[in-house]
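[1] Okay, predicted coordinates and the sequence, questions at the end:
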Amino acid sequence: MSNLLNHNVLVLNQNYEPLSVCTARRAMILMLLGKAELIETHDGVRIHSISVSFPLPSVVRLERFIKAPRKRILLTRKNVLLRDGYVCCYCGSTKGPMTVDHIIPKNLGGADTWENLACACDRCNNKKGDQTPTQAGMKLLRKPIRPNHITYIQRFVGVTDNRWKQYLFME
């Protein structure tokens, strides 16, 4: 039973905006305290006590609106690669080791920001070197952007249940 209580549950604000992910144990406590309502369940899975059984939650919605500050995603090599899906921003390759490339190189004033860092394969990163993409005769396939909290749940936490997709704008 303790394994079931460790399942991930998507937590929605009162307006159905995705807020976070918690364990099924935490979601059950929120529901028992009247702070959240059950929106989606895991098919047919129930948690049993001596006298009562409850459906295992997959998505819960808070009863009161929470004005939560936007979660800031740490700018790390791993998070840049996850944001870009391990796809080279110059050639679209997914093969071989991936690196993080400064689109505007540091020696030309480029900063360590979400908008200036992108996933690149070794071949493209070496070809580009310490030049801008224009100087190297290369073109970005997509412009890198700062991920938001919904992207964080979609890519970094991972969608562990297909029932979450409609709430994470993936359908």
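    Thanks, I have the structure now.
[2] how does the protein divide into domains?
    Domain assignment for the chain by automatic domain parsing gives 4-69+149-164, 77-128.
[3] Out of these, which gets nearest to residue 135?
    Closest to residue 135 of these, according to Cβ to Cβ: domain 77-128, at 8.5 Å. The way it works is simple: take the backbone N, C-alpha and C, and place the C-beta from them, glycine included.
[4] how long is the closest one from one end to the other?
    Using Cα to Cα, to the nearest Å, one end of domain 77-128 lies 19 Å from the other.
[5] what does stretch 138-153 give?
    Using Cα to Cα, the end-to-end distance of stretch 138-153 comes to 32 Å.
[6] Need the contact partners of that stretch.
    The contact list for stretch 138-153, computed with Cβ atoms under 8 Å, 6 or more residues apart in numbering, reads 10, 18, 20-21, 70-71, 73, 79-80, 83-84, 88-92, 103, 113-118, 124, 127-128, 133, 155-156, 159, 164, 168-169.
[7] Tell me where the protein has helices.
    Assigned by DSSP state H, the chain shows helices spanning 24-32, 77-83, 122-128, 149-151.
[8] Need the pLDDT of the residue nearest to the spatial centre of the chain.
    The centroid of the chain falls nearest to residue 152 when counting by Cα atoms, centre = their mean (2.5 Å). You'll see residue 152 listed with a pLDDT of 75.
[9] go on, residue 171?
    64.
[10] circling back: worst average pLDDT in the domains of the chain?
    Looking at the domains of the chain, the bottom one is domain 4-69+149-164 with a mean of 89.
[11] Much appreciated, bye for now.
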